[in-house]
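Chemist: What shape does this take:
(chains A and B)
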Number of protein chains: 2
Amino acid sequence: MSTGASGGVQAASHTLYITAGSGNSYKPVQVLAQRGAGTPAVHCHLQPIDVLGGETRRPGFLAINPRGQVPFLLTDRGERLGESNAIAWYLAEGSALIPAAPLHRAQAIQWMIFEQTALEPNISPARFFSTLVPALREANAARFPGWLDAGHAGLALLDAHLAEREFLCDSGYGIADIAVFGYTHLAREGGFDLDRHPAVLRWIERVRSQPGHRPVADLLQPLA
Amino acid sequence: MSTGASGGVQAASHTLYITAGSGNSYKPVQVLAQRGAGTPAVHCHLQPIDVLGGETRRPGFLAINPRGQVPFLLTDRGERLGESNAIAWYLAEGSALIPAAPLHRAQAIQWMIFEQTALEPNISPARFFSTLVPALREANAARFPGWLDAGHAGLALLDAHLAEREFLCDSGYGIADIAVFGYTHLAREGGFDLDRHPAVLRWIERVRSQPGHRPVADLLQPLA
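Modeler: You can find the predicted model right below:
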């Protein structure tokens, strides 16, 4: 791997490209923070990318990551991996964040796909134009009703599932909770009324109380 | 589990609810057909569901599967699992269809998520209104340009990836190929010009030549 772009990275370290405030970038970093004591260490350099400043469109970054998406992982062996939930899964390997039983692993994959199809595509753009780039909110006003309706429908399914459960998979807290938490806990910033989903609100507090939990505001802070 | 709804199922069998012609239902069945010799058998009863006939909206089915989605798995222990790619993953456990190396497993998850976000949401509805319910095509005509543009963009990314590879993951043919093949090989039926994606066409033929491959037309046929 090239260490030049990431400045003094050890040769045996992954490079994880992330952007501040992103619910997708949050997931793999949360995994790194919660792999847990007794689990083999994963050496990973966090490389901030200024998406709004255009850094994902610069040739140097596109040479590594042609789709220009963040988060993105360059492994210590130069392998490349995209998709936030796939990166999170890879970094969680060897830890209890990935369920041990096949059925629970499949449940985790089920919820990771649900997150990327029913939640993130609605919550992320509504939040982006409400909070991160409010100057463009008015130009995108016509798209908000669709995002809010579809997002609330996804949150209602999540709420029904969590009404009788502590965490998403029957095996307890793990990678599915991290993936779904990424944008769900930021939904108010997109204009979603989370009070309509009380089981989701209780689950958000349970996730926040897990050992090693980091708020999204600390995303770019060094890992312990 | 209740055996009443699925008629004479052995107690130690999963029940997989599938619908004819569906690229999503195809995936778990293809996994069952390709787990391979020497791999522990998975006993799974295929239960056809007539989606167009309204069977997914009947109380008996909704009691098992509140979202009414197909495919859906009821395990031999009464556990429930949705999302085609998650069901496929579960049924592939213990076989070589799931890559052995952590990086390759994460690549498989990456492509399964890509399939559900960039391909299926565009190819599936375009095909549905073109081929399965053509009487409603005109009423949905305004939605086709968006599906075709976004679907071709996804297919172009797939094509670029496959231009230098035989299969999606570096470990060779497996669950990611089955997941992505599901709708990709049906894209012409939605009006997509697959000739624009020659590496995808070559990969489709490679997938078709794999041992145990079943065409989607045989979806409801009993497994060997």
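
Chemist: isn't A:Gly191 right next to A:Phe128, touching?
Modeler: No. Using CB atoms under 8 Å, A:Gly191 is not in contact with A:Phe128, being 11.5 Å away. Heads up, the C-betas are built off the backbone N, CA and C, glycines and all.

Chemist: and chain A, which residues reach chain B?
Modeler: A:66-67, A:75, A:79, A:81-83, A:85-87, A:89-90, A:93-94, A:102-103, A:105-107, A:109-110, A:112-114, A:116-117, A:121, A:157, A:160 (CB under 8 Å from any CB of the partner chain).

Chemist: Just the residues you listed: which are in strands?
Modeler: A:Leu81 (DSSP state E).

Chemist: Just the buried residues from the residues of chain A next to chain B, in ChimeraX please.
Modeler: To isolate the buried members of the residues of chain A next to chain B in ChimeraX, using 16 or more other CB atoms under 10 Å in any protein chain shown:
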select /A:75,79,81,82,83,85,86,87,89,90,93,103,105,106,107,109,110,112,113,114,116,117,121,157
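
Chemist: just so I have it, where are all the helices in chain A?
Modeler: A:23-34, A:59-64, A:84-92, A:102-114, A:120-127, A:144-162, A:175-184, A:198-208 (DSSP state H).

Chemist: In CSV, list the ones you listed along with mean pLDDT.
Modeler: Shown next, in CSV, are the helices of chain A (pLDDT from 0 to 100):
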stretch, mean pLDDT
helix A:23-34, 97
helix A:59-64, 90
helix A:84-92, 98
helix A:102-114, 98
helix A:120-127, 98
helix A:144-162, 97
helix A:175-184, 98
helix A:198-208, 98
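
Chemist: and B:Pro48, which of those helices is closest to it?
Modeler: helix A:102-114 (22.2 Å; CB to CB).

Chemist: you'd agree A:Ala106 is up against B:Tyr90?
Modeler: Yes. Between A:Ala106 and B:Tyr90 there is a contact at 3.6 Å, judged by CB under 8 Å.

Chemist: Need the overlap of contacts for the two.
Modeler: B:Leu81 (CB atoms under 8 Å, 6 or more residues apart in numbering or on different chains).

Chemist: Quickly list the domain ranges of chain A.
Modeler: What automatic domain parsing lists as the domains of chain A is A:14-97, A:102-208.

Chemist: what about A:Leu201, neighbour count?
Modeler: Per other CB atoms under 10 Å in any protein chain shown, the neighbour tally for A:Leu201 reads 15.

Chemist: If I follow the layout properly, it ends up in contact with A:Leu194?
Modeler: Yes. Under the criterion of CB under 8 Å, A:Leu201 makes contact with A:Leu194 at 5.7 Å.

Chemist: OK, contacts around the residue nearest to A:Gln34 when sequence neighbours are not counted?
Modeler: Using CB to CB, 6 or more residues apart in numbering or on different chains and skipping the chain neighbours, the partner closest in space to A:Gln34 is A:Gly212 (4.2 Å). The contact partners of A:Gly212, taken as CB under 8 Å, 6+ apart, are A:33-34, A:36.

Chemist: Return a ChimeraX selection command for the buried portion of those residues.
Modeler: Buried members of those, defined by 16+ other CB under 10 Å, are picked up in ChimeraX with:
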select /A:33,34
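
Chemist: Serialize the domains of chain A to CSV and add fields for distance to B:Ala224.
Modeler: Formatted as CSV, the domains of chain A follow (distance: least, CB to CB, whole Å):
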stretch, distance to B:Ala224
domain A:14-97, 33
domain A:102-208, 23
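
Chemist: Count the neighbours of A:Ala224 for me.
Modeler: 7.

Chemist: The closest residue in space to A:Arg206 that isn't next to it in sequence: what's it in contact with?
Modeler: Taking CB to CB, 6+ apart, and ignoring the residues beside it in sequence, A:Arg206 has A:Glu166 as its nearest neighbour in space, at 6.2 Å. Neighbour list for A:Glu166: A:172-173, A:203, A:206 [criterion: CB under 8 Å, 6+ apart].
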